[in-house]
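In: Any chance you could fold what I've pasted below:
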Amino acid sequence: MACSSTSSIQKRFKYHVFLSFRGEDVRKTFVDHFYEALEGGGIFTYKDDEKMEKGERIDDELLKAIEESKFFIIIFSKNYASSSWCLNELVKIMECRNTNHHQTAFPVFYHVDPSHVRKQSGPFGEAFAVHNNQEAEKWRDALEKAGNLAGWVLKNTLDGKLTESSSIQIYRHEAKFIKKIVQQISLRLQSVNEYINKKIVGMETRVEKVLSSLETSIDNFRMIGIKGFGGCGKTTLARAVFDQISTQFEGKSFVEGVGQVCQKDGLQSLQKQVLSDVLNDQSIAVSSVRNGKSRMKNVLRGRKVLIVLDDVDHIDQLEAVAGESNWFEPGSRIIITTRDKHVLVAHGVIQIHDVDLLSDEEALCLFSRYAFGTDIPTQGYEKLSSQVVSYAGGLPLMIKVLGRLLCGRDDHRVWADQLESLKTKPLQEPMEILKLSYNGLESSYKDIFLDVACFLKSRQKDEVIKILECCGFNARIGLDALEEKSLVSISDDNYVGLHDLIQEMGRYIVCHLHPFDPERHSRLWTLENVENILANDLRPVEARAIAVDDVKLDSQIVTKGFGNMKKLRFLRVVSETEDDETNLVSQNLPYALKYMSWRSYPHWSLPDTFQANNLVALELPECRIVQLWGSDQQGKVLKMLRFLILSFSKLRTLDLKLTPNLEKLDLNGCSDLEELHTPDDDGCLKKLDFLNLKDCGKIKHESLSFIRRLESLKVLCLTGLSMEEFPDIIPGHYNDSLLEELEFRHNDIEELPSSIGNLQKLFYLDLRHCKNLRSLPGSICGLRHLKNLKLYGCVIEELPEEIGRLECLEKLNVSHTRIRHLPDSICVLRNLKTLKLSFCHDLERLPGDLGGLECLEKLVLRECTQVKDIPDSICRLMVLKYLSLVDCIQLEKLPKELGVSGCLVELNVKGTGIRKLPLSISSLQGVKIIQDDDDLFRRSPEYASGEVKSSSTRRRRIDN
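Out: Below is the predicted model:
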């Protein structure tokens, strides 16, 4: 299997050059000489037959030749525009050039002024005086665009005014003229074939993307960036683009390793190299950066240049050679490669390309070229090769290194040993290159990166920020800095990710100085190392962070060992203790600890000797803790503690006076919790904004009154407390509360207090399965920010008449209630998107004017057995996508105009009495019909017309 992405010019194109010309002007003179020179130079050229140029219609053979040519050379002579054949040929050429970035067009102005071509003046204007057909406009457009391309002018005399351009090369001797064009075409073919002949894979599509941004045919100045971490192919991509287009420019410069050049010899050396390259004069001297800038301005203004600045790491480097756009001649292009996006943004670069890593197919092809010298693995090495490629993760640098390493090794055991070795001993060469991005970070950002690489990959960004902030870092700015340097990525669903080899590089940094002494590492993450350190009391004095799973050590040894780590700030353990004794006395935990997460923590309380003055987050889910501290709580106030999670623990009592600055308290599932001891004054717990007491079934309800004093509380969960009365938790004054989310499911209340209307910031209210709740107070209609109201499983019989005042309501679920009818005011809920009425067995009808629900997308009426018809007003719901009428057994018909809106995606009429679909449904494209009557379609008029497609399954799709 050959690599499809690197097919050669000969494979992709049948001809190197296609010649377009006016036969009667130049066929037997200039074109014959030109064609002979091209062919003599090994350039396969298409020149049409003399007999072919007849009439106006282009022959199919000619069209195919245009499509199969790499370069187009358009020879504009005096009578070119008088030929419809030539003009149609030109239109086809320009179309191919615009749609295929591999094809390039060059104009040759043979004794004509380029401005006459662009503006259709002179002899070209005379020709168009007789072109008055419909195609004339297309011809004009093609001439204008072709006339603006970089090309060559041949003019024997100096008479007449010739409009010169920096992109046009002017000659007055035909032999030299032909020789120069052939040389330049040869160079371009050679540069293109160089990428192909070298061991480069997947470059063409990536080059195309960059070329589409550069748009070298447009006469303006443009600067683009190419961003990515080390080894991903930035330099290779920039070089490929440079080689492909550099002949279009009067001056060119490619500076590799700009950061290293400037670090070694200063900014002047960078300026000197660019000036020397552009002027092709190595004797140029630059006395100072200021002098260099001045010379750059003077030199660059007069010529169209292409400059590539590779591996830029500071904005000063860009300001030294590309300070202002007015330094450059229109048509000039600057390409900048960097590891740091911020450098580009700070310099005003708008178009920035992220380098795509190699696909599996491309990676296997590249590896095979280095390991076997072919495009595919040698027989018998397919599986091992795929394993190597999988490890490399599409990173060209690593693929090349591994290919060279395994080249010539024809023993399967050697390959297997190398793969096993990579798991613990990464290769130094690629790690050091990847490490360059890390080296440029500020000290605190280095720590953030190492924490993410060692412990925090694939976690929610908000969680990562919380953990890092607990450890004292400016996490948001730090993660942004890492993302700008392509060290981490943030997914669309807000997870923090990083390439496997970038993660490996981070762990390499931690280990490589002391590979055989893990007790000297700053971070520990392997169970083997941690167990060895803890069991043998190795005193890892440098350890700052530890994260391990499945720890199965004696609990006294574990906690004593952690106590020896004086610098430890981050500890995450998932333990499975082997002893059943929960009253063991813990020895110690380190004073420096800021973040501690220990699932199944084995003790009844925290160690008495633990000085937790620095602790910011304590997460002990599923632990054996009965109370936070032992008998002696004197001086145990955790002033720094912001997050406390003891969910599903054995906790019986908690003294919140010891945690005055809590922001989040999660006691979900603490079924033994009986009492919360809270401070009497209003000032304590003033920062608490999240409180979860779900399924704390033994808690004394009177101890919850402190909640009304929590002035910062935004999220409150009191689900599953078996409350018969709504607790006294609502502030007495209107709009005093910041509460936004209230979950109160599975309680036994019969009514809500009218004070519920005081929760003016509330946007989420969940009262599901409050099986005794019969009515809602009218004050609930004053919750003007409420977006989601869930009443599933309550026994309410009616909604408040003024429910239409809930102007922000987007979701309403009254399924499994005893609702008989909906108030008419519900029809003015213009923001309502979802209305669920499933299993409302007492519901008799829907409001007549549903058309006011202009944002409704989903309407569910499952098993509403008393509903007999759907009002015609449903047809005015112009964004309705899902309509479910499952088991509405008394429904026998649908509104005739149901399909008028055109938005319906799914219609479920299973279990209804509906026997015929309305004709309007046939106008809907791709709508899914779910029903259980195989004859439903056959009884529908549109079935006979062929507009509805049926099958034997129960899930139907109508495709128009």
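In: CA only for contacts and neighbour counts going forward, please
Out: Fine.
In: Asn474 versus Ile780, what's the distance?
Out: Distance from Ile780 to Asn474, counting by Cα to Cα, to the nearest Å: 41 Å.
In: So the two - more neighbours on which side?
Out: The neighbour count for Ile780 versus Asn474, taken as other Cα atoms under 10 Å, is higher for Ile780 (23 against 15).
In: Check what pLDDT the nearest residue to the more buried one once chain neighbours are set aside gets.
Out: Nearest residue to Ile780, sequence neighbours excluded (Cα to Cα, 6 or more residues apart in numbering): Gly757, at 5.2 Å. pLDDT, Gly757: 93.
In: Same question for Thr559.
Out: At Thr559, pLDDT is 55.
In: picking that back up, I'd say the residue nearest to Ile780 and Ser779 touch.
Out: Yes - distance between Gly757 and Ser779: 4.9 Å, which falls inside the contact criterion (Cα atoms under 8 Å).
In: So which of these two has more stuff around it?
Out: With neighbours defined as other Cα under 10 Å, Gly757 and Ser779 compare such that Gly757 has more, 21 against 17.
In: who's in contact with Asp48?
Out: Applying Cα atoms under 8 Å, 6 or more residues apart in numbering, we find Asp48 in contact with 19, 62.
In: Which parts of the stretch 351-500 of the chain are strands?
Out: Using DSSP state E, counting those that start in this stretch, the strands assigned to the stretch 351-500 of the chain run over residues 351-354, 459-460, 489-490, 495-497.
In: highest average neighbour count across those?
Out: strand 495-497 (a mean of 20; mean count of other Cα atoms under 10 Å).
In: now for it, which elements pack on it?
Out: strand 459-460, helix 461-470, strand 489-490 (3 or more Cα pairs under 8 Å, 6 or more residues apart in numbering; DSSP states H and E).
In: related to what we said a few turns ago, got TSV for the strands of the stretch 351-500 of the chain, with mean pLDDT and distance to Arg333 too?
Out: Shown next, in TSV, are those (pLDDT from 0 to 100; distance: least, Cα to Cα, whole Å):
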stretch	mean pLDDT	distance to Arg333
strand 351-354	94	12
strand 459-460	93	40
strand 489-490	92	29
strand 495-497	94	34
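In: and these as JSON lines, adding distance to Leu395?
Out: Shown next, in JSON lines, are the strands of the stretch 351-500 of the chain (distance: least, Cα to Cα, whole Å):
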{"stretch": "strand 351-354", "distance to Leu395": "13"}
{"stretch": "strand 459-460", "distance to Leu395": "23"}
{"stretch": "strand 489-490", "distance to Leu395": "16"}
{"stretch": "strand 495-497", "distance to Leu395": "16"}
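In: What's the separation between the closest residue to Leu606 other than its chain neighbours and Leu704?
Out: Spatial nearest neighbour of Leu606, excluding adjacent residues (Cα to Cα, 6+ apart): Trp629 at 5.4 Å. To Leu704, Trp629 is 22 Å away according to Cα to Cα.
In: quick revisit: quick check, pLDDT for the residue nearest to Leu606.
Out: pLDDT, Trp629: 89.
In: shift numbering so it begins at 9
Out: Let's use 9 as the start, then, which means that last one is Trp637.
In: Show me the shaky parts of the stretch 559-708 of the chain.
Out: Filtered on pLDDT under 70, the stretch 559-708 of the chain yields the residue ranges 559-569, 584-595, 642-643, 689-691.
In: can you give me the helices in it?
Out: 563-571 (DSSP state H, counting those that start in this stretch).
In: Give me the distance between Gln395 and Trp423.
Out: For Gln395, the distance to Trp423 - Cα to Cα - is 10 Å.
In: Looking at those two, which is more packed in?
Out: Between Gln395 and Trp423, Trp423 has the larger neighbour count (other Cα under 10 Å), namely 19 against 15.
In: I'd assumed Glu390 was in contact with that one.
Out: No - with contact defined as Cα under 8 Å, Trp423 does not reach Glu390; the gap is 11.8 Å.
In: follow-up on the earlier one: so who does the residue nearest to Ile788 touch?
Out: Counted by Cα under 8 Å, 6+ apart, Gly765 has contacts 742, 787-791.
In: Out of the residues you listed, which is nearest to Leu374?
Out: Leu791 (62.3 Å; Cα to Cα).
In: was I right about the closest one contacting Gly812?
Out: No - taking Cα under 8 Å as the definition, Leu791 is not a contact partner of Gly812, at 11.1 Å.
In: Could you check how many residues crowd around the closest residue to Thr224 other than its chain neighbours?
Out: Excluding the flanking residues, the one nearest Thr224 by Cα to Cα, 6+ apart is Gly339, at 6.8 Å. A count of nearby residues for Gly339, using other Cα under 10 Å, gives 23.
In: Contact partners for Leu626?
Out: By Cα under 8 Å, 6+ apart, Leu626 lies in contact with 603-605, 649, 651-653.
In: Distance to Gly265 for the helices and strands packed on strand 503-505 - can I get that in TSV?
Out: Formatted as TSV, those follow (distance: least, Cα to Cα, whole Å):
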stretch	distance to Gly265
strand 467-468	35
helix 469-478	33
strand 497-498	25
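In: With Ile358 as the reference, name the closest of the ones you listed.
Out: strand 497-498 (19.6 Å).
In: Same list (the contacts of Gly765) but as JSON lines, adding secondary structure, distance to Phe771 and pLDDT.
Out: Below are the contacts of Gly765 laid out as JSON lines (DSSP: H, G, I helix; E, B strand; the rest coil; distance: Cα to Cα, whole Å; pLDDT from 0 to 100):
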{"residue": "Tyr742", "secondary structure": "coil", "distance to Phe771": "16", "pLDDT": "64"}
{"residue": "Ser787", "secondary structure": "helix", "distance to Phe771": "15", "pLDDT": "95"}
{"residue": "Ile788", "secondary structure": "helix", "distance to Phe771": "12", "pLDDT": "96"}
{"residue": "Cys789", "secondary structure": "helix", "distance to Phe771": "12", "pLDDT": "96"}
{"residue": "Gly790", "secondary structure": "helix", "distance to Phe771": "12", "pLDDT": "94"}
{"residue": "Leu791", "secondary structure": "coil", "distance to Phe771": "8", "pLDDT": "96"}
